[in-house]
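K.L.:
Predicted model, plus sequence, below.
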Amino acid sequence: MANYTAVPSKTFEREFEKLSKTDQDKVWEKITLLEEDPFYPSLRSKKIKGTPDHFESSVNMDIRLIWRYEGDKIIVMIDVGHHDILKKY
């Protein structure tokens, strides 16, 4: 059972649609892990330096999820994309 609920932002939804079907499937697998434990080892989650509350997690060696906590049980999926999306944050 999930400990958190992941909620997509409009930006996340827009960027998610740009990914290949294969990458989209991998993203959903990682979101499931994120809902269970945001710091599950394979996610390699860490706080993004220079931001007040943003975190990044790895989907694979190229795709990153950007997220933040909202309250006790919600994770807002802010953005998703290739590794260079980190430059935006």
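P.N.:
Great, that's in hand. Numbers count the residues shown, from 1 in each chain.

K.L.:
And the residue minimising distance to the centre of the chain, what's its pLDDT?
P.N.:
Closest to where the C-alpha atoms of the chain average out (Cα atoms, centre = their mean) is Leu65, at 2.8 Å. Leu65 is assigned 97 on the pLDDT scale.

K.L.:
Same check on Gly71?
P.N.:
pLDDT, Gly71: 92.

K.L.:
State the phi and psi torsions of it.
P.N.:
phi 70, psi -160 (degrees, to the nearest 10).

K.L.:
Measure how buried it is and give me the count.
P.N.:
By other Cβ atoms under 10 Å, 9 other residues sit near Gly71. Glycine gets a C-beta too; all of them are placed from N, C-alpha and C.

K.L.:
and what of the one 10 residues further on?
P.N.:
Gly81: 22 surrounding residues under other Cβ under 10 Å.

K.L.:
how about the host helix or strand of Asp23 as PDB, C-alpha atoms only?
P.N.:
Element membership of Asp23, judged by DSSP states H and E, is helix 21-36. Output in PDB follows, covering the C-alpha atoms of helix 21-36 (Å, rounded to 0.1, in the frame of the first residue of the first chain):
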ATOM      1  CA  LYS A  21       5.800   5.000 -24.600                       C
ATOM      2  CA  THR A  22       8.700   3.000 -23.200                       C
ATOM      3  CA  ASP A  23       9.900   5.900 -21.100                       C
ATOM      4  CA  GLN A  24       6.400   6.600 -20.000                       C
ATOM      5  CA  ASP A  25       6.100   3.100 -18.700                       C
ATOM      6  CA  LYS A  26       9.300   3.400 -16.800                       C
ATOM      7  CA  VAL A  27       8.200   6.700 -15.300                       C
ATOM      8  CA  TRP A  28       5.000   5.100 -14.000                       C
ATOM      9  CA  GLU A  29       7.000   2.200 -12.500                       C
ATOM     10  CA  LYS A  30       9.200   4.800 -10.600                       C
ATOM     11  CA  ILE A  31       6.200   6.800  -9.500                       C
ATOM     12  CA  THR A  32       4.800   3.700  -7.900                       C
ATOM     13  CA  LEU A  33       8.100   3.300  -6.000                       C
ATOM     14  CA  LEU A  34       8.100   7.000  -5.100                       C
ATOM     15  CA  GLU A  35       4.600   6.700  -3.600                       C
ATOM     16  CA  GLU A  36       5.800   3.800  -1.400                       C
END
